[in-house]
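> predicted model and sequence follow; I will ask about them next.
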Amino acid sequence: MLADLLVSDLSSDGTQLRKDIPRILKKLVDAGTLIKLDEEYSLRTREGSEWDREFRNRQTRLNGDLTSLSSKRGSLISAACGDALKGIKFAQGKCKEPRKLLVHFGTEAPPTGSSDIPVWVRDGWGEKESTVVNDARAAGSDSAIIYVYVPKASADDLQKAIVEYEAAKSTLDFKGTPTTPEGREARDAMATRMGTAEATRNQIVNDVIDGAKVFQGGGGERYELNLVVKVEAATQASLDRLFPSFKDADDNRWPKVINRAKDGDEAALSAVDWKDAPEKHPVCAAVLSEVGSGKRGKEVRDTFEASLYGWPRDAVDAALITLHTTGHLRATHKGMTLSQGQLDQAKISATDFRAETARLNAREKMKLRKLFHDAGVDCKPNEEVAKAPAYLARLAELADHAGGESPMPARPATVHLDRLCGFGGAEQLAELLKQHDMVAQQAEDWGKLAELAGKRKPAWETLCTLLKHADAMPGADELRKQTDAVKSERRLLDASDPVPDIRKAAVDALRAAVIAAHAEYEKTYKAQMAALTTSDNWKKLKADQRTQILADEGIDILPALAIGSEADLIRTLGETALPAWKTRTDALPQQFARATMAAAKLLEPKTQNIRLTSGTLRTKNEVSKWLTETERKLLEKLNDGPIVIA
């Protein structure tokens, strides 16, 4: 519009004015005479002058702060470079194994050894190009690092754009949101200045990034169109350097190998066209060597997924499962040895692997399965490794039951079982085969002893129970001596069982003792009952009264004696021990005395029970004196009612 207004010669002025006016307007804006609002220009107001003054003060301070400028410039270049490279993704080989770039900034070399491709970015503000080239050459042609050098281009323009953007941004933050029209106009002008500076800054940075140079290890430079294309081309070459052994596992059919190996197919590698022995396949051979004397599945995966291999996880897992199926590896998951078919990809990370040093043929495995079966351990084909610990535990159990504390014989020695438990996998099976005849005989012998012990221990325990009841029985010492001899000499499992004779003698003696004690009780009971039932008072009572009194005193019936069988005898002794029979017999007179008193009271409620006592009477005078005193007391008691002498 300004050009159209200023033109005076339509044939020649227009073109020149359209070149000069934008340059002049920019100078006026930079000088603070005009302010720019988007694509329009206005004269600066007083409010606008204040905003411009604040902007220029900040601009001056930033130009003097070289450290801050360097940091901001480095951040911009790093961010722009990262944004440009973050879209680069690769899928290597037929198996389409995904690869990523590891973009690294700074003067220190990037870390190596992972599965990521390192890209080392440096710029001309911090390093010379010769330094980057020398580092690339020194790394050698085997290095997978991609060296990126961003030249120091448009340095003054970039610094100016950075300063202008930062000054405008900080001014906007400082001044806030004005309320007057002039203030809002000044703020809009400052926002326009910031946006213009930002666009200029970003364009310069992008142009600088596009002009970056890319070198590979050994110093060779890439000459593609821009940074992204150069890095993509360099990455293809770096993949071969980072993973020189990748080709050994580059196949997309590894999942088929896994499925076949899990199903017990020892020729599972035929799915990847391998016809030779599984352990000779390059992947299996490397895995077998890495596992050696023991490795966790996660460690194996980490090794082969990183440089120098970069193998897909399916390839590593397929090798582990196949070698486990063929018996070359032993797998232990959470303390349990896995049988063929039990190992899958979900378990591999937490599974401990160990290379087997021994392998068994079909005949040897069949021999072991029979050995296990004879001992009571069920074992199906391909379960030999998993069942071996159960078999050894069964032998230890039989040994434990074949001996023990006296009177059992001493437990058989099981040191050889402990040694066998120290082996694992196929090694353990091989050691078992070496000792096959011995352990088979031991299993048979110990099983017979354990079975015999199961039959004889209850009889021994019964004998011990009988002898406890015989403590108060005369003549029990001889039985105890015989029993102690069996115990001390540990003869419980002798061919001629010593227990039945002692047990029979104990039963006979106890039965006789119980019969005798019961007979004494019965004799006393009947005598006392006869005295009670012939008394005058008892005869005067009604039948139900007599029955109630006897029941109250616990003498209504004469207890029966059940001692016909050994079990009846033990039960009777448990209810009434031998010493208790004498106590019960001695108590009968008192029980019947109470019954007599109860009968008297029913007839004469005031009847008194008088107990006569005395000291030691040595002379006729002492006797006479006691009689006189006793007579006096009895006569006094008669005043209160009839008396019964206890």
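That came through fine. Residues are numbered from 1 along each chain as shown.
> quick check: Met190 touching Phe174?
No. Met190 is beyond contact range of Phe174, at 10.4 Å (criterion: C-beta atoms under 8 Å). Backbone N, C-alpha and C define where each C-beta goes, glycine included.
> and those two? Which one has more around it.
Met190 (23 against 11; other C-beta atoms under 10 Å).
> show me the contacts for the more buried one.
51, 55, 168, 171-172, 175 (C-beta atoms under 8 Å, 6 or more residues apart in numbering).
> and for Asp135?
109, 120, 147.
> most neighbours out of those residues, which is it?
Tyr147 (26 neighbours).
> over to it: give its phi and psi.
Here is the backbone geometry of Tyr147 (degrees, to the nearest 10): phi -100, psi 120.
> number of nearby residues for Ser488?
10.
> any idea how far it lies from Ser71?
Distance of Ser488 to Ser71, given as C-beta to C-beta, to the nearest Å: 92 Å.
> show me the strands in the stretch 151-300 of the chain, by range?
For the stretch 151-300 of the chain, applying DSSP state E, counting those that start in this stretch gives strands covering 213-216, 221-222, 295-296.
> looking at those, which is buried most?
Sort those by mean neighbour count, taking mean count of other C-beta atoms under 10 Å, and strand 213-216 sits at the top with a mean of 22.
> chain center to it: distance?
Centroid separation for strand 213-216 versus its chain: 49 Å, with C-alpha atoms, centre = their mean, to the nearest Å.
> hmm, who's touching that strand?
Contacts for strand 213-216 (C-beta under 8 Å, 6+ apart): 129, 132-133, 136, 141, 143, 146-149, 151, 221-222, 224, 227, 230-231, 234, 237-238.
> skipping adjacent residues, who's closest to Glu427 in space?
Using C-beta to C-beta, 6 or more residues apart in numbering and skipping residues adjacent in sequence, the residue nearest Glu427 is Ala358, 5.3 Å away.
> kindly confirm my reading that that neighbour forms part of a helix.
No. Counting by DSSP: H, G, I helix; E, B strand; the rest coil, Ala358 is not found in a helix; it is coil.
> on that earlier part again, filter the contacts of strand 213-216 to the buried ones?
By neighbour count, with 16 or more other C-beta atoms under 10 Å, the contacts of strand 213-216 hold 132-133, 136, 143, 146-149, 222, 227, 230-231, 234, 237-238 as buried.
> least confident pick among those?
Across the buried ones among the contacts of strand 213-216, the smallest pLDDT goes to Ala237, namely 89.
> that one and Ser115, how far apart?
In terms of C-beta to C-beta, Ala237 sits 17 Å off from Ser115.
> now do the contacts for the residue nearest to Glu427.
Here Ala358 is in contact with 426-427, 429-430 (C-beta under 8 Å, 6+ apart).
> what about Ile557, how many neighbours?
Ile557: 9 neighbours (other C-beta under 10 Å).
> in terms of contact, does Ala315 touch Val283 like I think?
Yes. Ala315 lies in contact with Val283 (C-beta under 8 Å); the separation is 5.6 Å.
> which neighbours do these two share?
Ala249.
> on that earlier part again, and the strands of the stretch 151-300 of the chain as a markdown table, adding distance to Lys334?
Formatted as a markdown table, the strands of the stretch 151-300 of the chain follow (distance: least, C-beta to C-beta, whole Å):
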| stretch | distance to Lys334 |
| --- | --- |
| strand 213-216 | 47 |
| strand 221-222 | 51 |
| strand 295-296 | 12 |
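> of all these, which lies closest to Pro278?
Set against Pro278 and scored by C-beta to C-beta, those come closest in strand 295-296, at 18.4 Å.
> if we can go back for a sec, of the buried ones among the contacts of strand 213-216, closest to Thr179?
Among those, and counting by C-beta to C-beta, the member closest to Thr179 is Leu227, at 47.3 Å.
> for the closest one, give me its contacts.
Contacts of Leu227 (C-beta under 8 Å, 6+ apart): 81, 84-85, 148, 209-210, 212, 214.
> ok, 10 Å please
80-81, 84-85, 121, 148, 150, 206, 208-214 (C-beta atoms under 10 Å, 6 or more residues apart in numbering).
> with Glu553 instead?
587-588, 590-595, 598.
> just give the nearest non-adjacent residue to it, would you?
Gln591 (4.6 Å).
> surely that neighbour meets Gly554?
Yes. Contact criterion C-beta atoms under 10 Å: Gln591 and Gly554 qualify, at 6.6 Å.
> give me the common contacts of the two.
Arg584.
> and these two? Which one has more around it.
Gln591 (18 against 13).
> please, which helix or strand holds the more buried one?
Element membership for Gln591, per DSSP states H and E: helix 578-603.
> next SSE after that helix?
strand 608-610.
> which helices and strands sit right next to that following strand?
Contacts defined by 3 or more C-beta pairs under 10 Å, 6 or more residues apart in numbering; DSSP states H and E place strand 608-610 against helix 578-603, helix 620-638, strand 643-645.
> comparing these by mean pLDDT, which bottoms out?
Lowest mean pLDDT within the helices and strands packed on strand 608-610: strand 643-645, a mean of 73.
> can you list contacts of it?
537, 593, 596-597, 599-601, 604, 606-612, 630, 633-635, 637.
> what do you get for stretch 558-573?
Contacts of stretch 558-573 (C-beta under 10 Å, 6+ apart): 462, 465-466, 468-470, 503-504, 506-508, 510-515, 517-519, 521-522, 525-526, 529, 575-576, 580-581, 584.
> quick one on the thing from earlier: now restrict the contacts of Leu227 to buried residues only.
Buried among the contacts of Leu227 by 16+ other C-beta under 10 Å: 80-81, 84-85, 121, 148, 150, 208-210, 212-214.
> tell me the contacts of the residue nearest to Glu553?
Shown in contact with Gln591 (C-beta under 10 Å, 6+ apart): 525, 528, 532, 550, 552-555, 584.
> nearest to Asp263 among these?
Out of the contacts of Gln591, the member with the shortest distance to Asp263 (by C-beta to C-beta) is Arg584, at 78.4 Å.
> if I look at the closest one, how far off is Ala531?
With C-beta to C-beta as the criterion, Arg584 and Ala531 are 18 Å apart.
> same check, this time on Arg187
Arg187 is 131 Å from Ala531, by C-beta to C-beta.
> just Lys230 next, same as before
131 Å.
> equivalent analysis for Arg369, please.
Arg369 sits 82 Å away from Ala531, going by C-beta to C-beta.
> neighbour count: those two, which is higher?
Neighbours per residue, other C-beta under 10 Å: of Arg369 and Ala531, the larger number sits with Arg369, 19 against 14.
> secondary structure element holding the more buried one?
Per DSSP H and E: helix 362-374 holds Arg369.
> which helices and strands sit right next to that helix?
Short answer (3+ C-beta pairs under 10 Å, 6+ apart): helix 362-374 packs on helix 384-401, helix 425-434, helix 436-469.
> skip the chain neighbours and tell me the closest residue to the residue nearest the centre of the chain.
Nearest to the mean C-alpha position of the chain, by C-alpha atoms, centre = their mean, lies Lys334 at 8.1 Å. Of all residues not flanking Lys334 in the chain, Ala350 sits nearest, at 6.9 Å (C-beta to C-beta, 6+ apart).
> my read: the one you found touches Met336, true?
No. At 11.5 Å, Ala350 does not count as touching Met336 under the criterion of C-beta under 10 Å.
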